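In: Predicted model and sequence below, questions to follow.
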Amino acid sequence: MSPRGRPAEIPAWADLALLPLLNLGAALGASGLLIVIIGEDPRRAMATLAAGAFGSAESLGYTLYYTTNFIFTGLAVAFHAGLFNIGGEGQAYIGGLGVGLLCLAAGGLPFGLVLPLAIGCAALCGAGWAFVPAVLQAKRGSHVVITTIMFNFIASALMTYLLVNVLIKPGQQSPETREFAVNTWMPAAHEMLGWMGIPAGVSPLNLSFVCAIVCSILVWGYIWHTRWGYELRVLGQNEMAAIYGGISPARTIVLAMTISGALAGFVGLNEIMGVHHRLLLNFTGGYGYAGIAVALMGRNHPLGIALAALLFGALYQGGSELAFEVPALTREMVVVVQGLIILLCGALENMFRPFLAARLARVVPAR
């Protein structure tokens, strides 16, 4: 730490790349030690995990399918505005509700019309669910962490009521809707590649992955190459300076939160249109909460978030294969590995900063 209690200064490239790699290496080292304590070979475990995530076209498809959700929820955290949006789970839930209602009503429409309507519904519903906490923060000072947590539970309760009492398919007990018409399904990656004559393994990966990449590019352009993005970053760094510069904190907070909610709502495209083809309970699967760790590890930069999302996608898919191949390493152990990554890359992200600053000071000439 610096004499004033602030983190030690290191070059930007080291902060964005080298420090996260050190944290990740420490997390994997701690995971390997834990595997040794259990009595398994850590090299075999890591090789099995990597093969399960990237060893075949099918496993790669599953990895990228998980990655898609993590990109959406990681982009939705809104750290740049000085906010901590942990309502991605509820916003994804309501975004999926909007997508599901559209697909139920759009049985006769061509997919070329259904897709933009679904994107609009996901964005509008997710943004609408984030709008109320945003206004409460901007106008009343209600902390966005508390309000978004509450709205996660409200979204869950609302979905339970709708699927049990209103939208449930007649004659069944499972709380889910009828299956959507085929013309509303998101094209799967193996189908699209098959149309081009490229063989690919069957997996849930679908066109939503392309949407996630496009969203990453658009968020990067918005934050660093527009006036509104500049206002958002200034507010996140110094609210008094933002006010002095004529920036409205209330307007910027509402705008940042609604954009974040829209991004989280896109999870519904991947899950509802791309995989389940029906509206059902708990389709979000905790992606909204895991997105917080993805944003922390990715330094809240779209490229870093995409790489962190790929890592978490690999852990999800490779962890399933690891639990199958090595029975001593259960799915809960994979969750422990994820927890170590979150701990060392999030909560303890500056642990190696003084060490790294001291080493770089010896090899990098001072300006």
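Out: Thanks, I have the structure now.
In: Would you list the phi and psi of Glu176?
Out: Main-chain torsions, Glu176, degrees, to the nearest 10: phi -150, psi 160.
In: Look at Met257 and say how many residues are nearby.
Out: 31 (other Cβ atoms under 10 Å). For glycine as for every other residue, the C-beta is placed from the backbone atoms N, C-alpha and C.
In: For it, list the residues it contacts.
Out: Contacts for Met257 (Cβ atoms under 8 Å, 6 or more residues apart in numbering) come out as Ala78, Ala81, Leu83, Asn85, Ala130, Phe131, Pro133, Ala134, Gln137, Val144.
In: Over to Leu280: give its phi and psi.
Out: Here is the backbone geometry of Leu280 (degrees, to the nearest 10): phi -150, psi 170.
In: And the spatially closest residue to it that is not a sequence neighbour, how close does it get to Ala188?
Out: Distance criterion Cβ to Cβ, 6 or more residues apart in numbering; nearest residue to Leu280, sequence neighbours excluded, is Glu176 at 3.8 Å. Noted for Glu176: a distance of 20 Å to Ala188, by Cβ to Cβ, to the nearest Å.
In: Buried subset of the contacts of Met257, written for PyMOL?
Out: In PyMOL syntax, the buried subset of the contacts of Met257 is picked out as below (16 or more other Cβ atoms under 10 Å):
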select buried, resi 78+81+83+85+130+133+134+137+144
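In: Helix or strand: which one has Met361?
Out: Quick fix: residue 361 reads Ala, not Met. helix 353-363 (DSSP states H and E).
In: Could you pull out the buried residues of that helix?
Out: For helix 353-363, by 16+ other Cβ under 10 Å, it's Arg353, Leu356, Ala357.
In: got it, and stretch 280-298?
Out: Residues of stretch 280-298 classed as buried: 280, 283-284, 287-288, 290-298 (neighbour count, 16+ other Cβ under 10 Å).
In: ditto for stretch 301-310
Out: Buried, per 16+ other Cβ under 10 Å, within stretch 301-310: His301, Pro302, Gly304, Ile305, Ala306, Leu307, Ala308, Ala309, Leu310.
In: what's the weakest-modelled helix or strand in this structure?
Out: Counting by mean pLDDT, DSSP states H and E, the chain has its least confident helix or strand at helix 12-13, which shows a mean of 74.
In: ok, so of the buried residues of stretch 280-298, who is nearest Ala17?
Out: Among these, Gly298 lies closest to Ala17 (Cβ to Cβ), at 11.3 Å.
In: which ones are touching the closest one?
Out: Neighbours of Gly298 in contact, by Cβ under 8 Å, 6+ apart: Gly74, Gly304, Ile305, Ala306, Leu307, Ala308, Ala309.
In: wait, isn't the second one in contact with Leu296?
Out: No - under the criterion of Cβ atoms under 8 Å, Gly304 is not in contact with Leu296, lying 9.8 Å apart.
In: Report the residue spans of the protein with pLDDT below the cut-off.
Out: Residue ranges of the chain with pLDDT under 70: 1-8, 346-347, 364-367.
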